[in-house]
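Enquirer: What follows is a predicted protein model with its sequence.
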Amino acid sequence: MLAELEQLESDALGQLGEVTDADGLESWRIAYLGSKGRLKGMMPLLKDVSREDKPAVGKRLNEVKTALEAAFEARQSAALAGGAAGPAIDVTEPGLPGGGGCRHVLSRTIAEVAEVFARMGFAIAEGPEVEDEWHNFTALNIPPEHPARDEIENFYLAGSEGGLKLLRSQTSTVQIRAMERQRPPLRVTAIGRVYRPDTHDATHFSMFHQIEGLYIDRGVNMVDLKTVLFQFARNYFGEEAEVRMRPGFFPFTEPSAEIDMKMRVKDEWMWVELGGCGMVHPNVLTSAGIDPEEFTGFAFGLGIERIAMRKYGIPDLRWFFENDARFLRQF
Ligand code: DAH
């Protein structure tokens, strides 16, 4: 009888593997586990087994029964999950909403700001994030002893081949690259990352984004500069935007000004510096091979994070880079 049980088990499992649909599965159940099935059919044989063998055979009978029932259930749930027995899933059900991603608020701000300047006729220019001293300092009229070149103000790269390299500290580098590439008239913006070893706080981070603007042509003046910047502010932030310019100093512009905007930082409204601007210094034009007697131009550089903070009421710059989905999903 033990041999017959083994045979029954292997027949049953073998056939179960060949079942392809729900009807086949049901026929299998009836054939093996049904009330007139092969397993039940073995029961009467038990009475012919000798007394001493009975416990062992009885135990084996139960084991086979349990094994077949388990195999049946496994096959049935596989079929329900859309297995070979056909799809038991209702594909017309609406389903659960997926956890979709969203655009980062900075990417969004960058696209919006570029769009406003594009409407004013500014094309997009680009430059590398790893720069040489010429584009980051020298061509921008920053002399060798200037503190802006200091090691503690910059991320210099060790062992740079072909002269000292650094992670650019300002997008003003792209002014030079754009002038090298194209003769005036020239009207471009460049948006990208810049790097400085600043201590992180609500308005500073060691990596941030700037937008650089450059307009060079015959007869460009300070009024054009002020008009473009105030137009931008009113267009992007609304008529009520409060912007101011105050005299400043940058080696690459003369005269120079700083641009401030009223913003809420940590529950308090205050003037926050958005960036700098001015008339391109004659030395910078000369470095790029442009005659300052013939052409003049203006330039500006603004912090993208601070623009986004003002636009979307974000009180702390560090939040942009913490990758907290609860924050990021709001935009
Ligand atoms: N590069 C300056 C900075 O990082 C910002 C700046 C000031 C850019 C004046 C300009 C400019 O183009 O004319 O702080």
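Expert: In hand now; what should we look at?
Enquirer: And the pLDDT at residue 159?
Expert: At residue 159, the pLDDT value in this model is 80.
Enquirer: neighbours of it, just the number please.
Expert: 5 (other Cβ atoms under 10 Å). Where C-beta positions appear, they are placed from N, C-alpha and C, glycine not excepted.
Enquirer: mind checking the SS state of it?
Expert: coil (DSSP: H, G, I helix; E, B strand; the rest coil).
Enquirer: what's the closest non-adjacent residue to residue 248?
Expert: Excluding its sequence neighbours, the residue lying closest to residue 248 (Cβ to Cβ, 6 or more residues apart in numbering) is residue 258, at 3.9 Å.
Enquirer: actually residue 167, not the one I wrote
Expert: Of all residues not flanking residue 167 in the chain, residue 195 sits nearest, at 3.8 Å (Cβ to Cβ, 6+ apart).
Enquirer: How about residue 121?
Expert: Nearest one to residue 121, counting by Cβ to Cβ, 6+ apart, is residue 187 at 5.5 Å.
Enquirer: With only the CA atoms kept, save whichever strand or helix holds the one you found in CSV.
Expert: Assigned by DSSP states H and E, residue 187 belongs to strand 186-195. C-alpha atoms of strand 186-195 as CSV (Å, rounded to 0.1, in the frame of the first residue of the first chain):
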residue,chain,number,x,y,z
LEU,A,186,25.2,89.9,-27.8
ARG,A,187,22.3,89.3,-25.4
VAL,A,188,22.5,86.1,-23.3
THR,A,189,21.6,84.6,-20.0
ALA,A,190,23.4,81.6,-18.4
ILE,A,191,21.9,79.6,-15.5
GLY,A,192,23.9,77.1,-13.6
ARG,A,193,25.6,75.9,-10.5
VAL,A,194,28.3,77.7,-8.6
TYR,A,195,30.4,76.6,-5.6
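Enquirer: Can you spell out which helices and strands pack onto that strand?
Expert: Contacts defined by 3 or more Cβ pairs under 8 Å, 6 or more residues apart in numbering; DSSP states H and E place strand 186-195 against helix 105-119, strand 123-124, helix 173-181, strand 207-217.
Enquirer: do that again at 6 Å, thanks
Expert: Using 3 or more Cβ pairs under 6 Å, 6 or more residues apart in numbering; DSSP states H and E, the elements in contact with strand 186-195 are strand 207-217.
Enquirer: Can you mark which positions in the strand it packs on are buried?
Expert: For strand 207-217, the neighbour count (16 or more other Cβ atoms under 10 Å) marks 208, 209, 210, 211, 212, 213, 214, 215, 216 as buried.
Enquirer: which of those come close to the ligand?
Expert: residue 212 (Cβ under 6 Å from any ligand atom).
Enquirer: which intervals of this structure have sub-threshold pLDDT?
Expert: Scanning the chain for pLDDT under 70 picks out 81-87.
Enquirer: Kindly report the residues of it close to the ligand.
Expert: Contact residues (Cβ under 6 Å from any ligand atom) of the chain with the ligand: 170, 172, 212, 250, 252-253, 275-278, 299-301.
Enquirer: Highest neighbour count among these?
Expert: residue 172 (29 neighbours).
Enquirer: so of the residues of the chain next to the ligand, which ones are in strands?
Expert: With strands taken from DSSP state E, the overlap with the residues of the chain next to the ligand comprises 212, 250, 253, 275, 276, 277, 278, 299, 300, 301.
Enquirer: I'd say the second one and residue 276 touch.
Expert: Yes. The criterion here is Cβ atoms under 6 Å, and residue 250 meets it with residue 276 at 5.3 Å.
Enquirer: List the contacts of the strand holding residue 187.
Expert: Surrounding strand 186-195, the residues in contact under the criterion Cβ atoms under 6 Å, 6 or more residues apart in numbering are 110, 117, 121-123, 125, 129, 155, 167-171, 174, 178, 207, 209-216.
Enquirer: of all the buried residues of strand 207-217, which two lie farthest apart?
Expert: Using Cβ to Cβ, the pair of these lying farthest apart is 208 and 216, separated by 26.1 Å.
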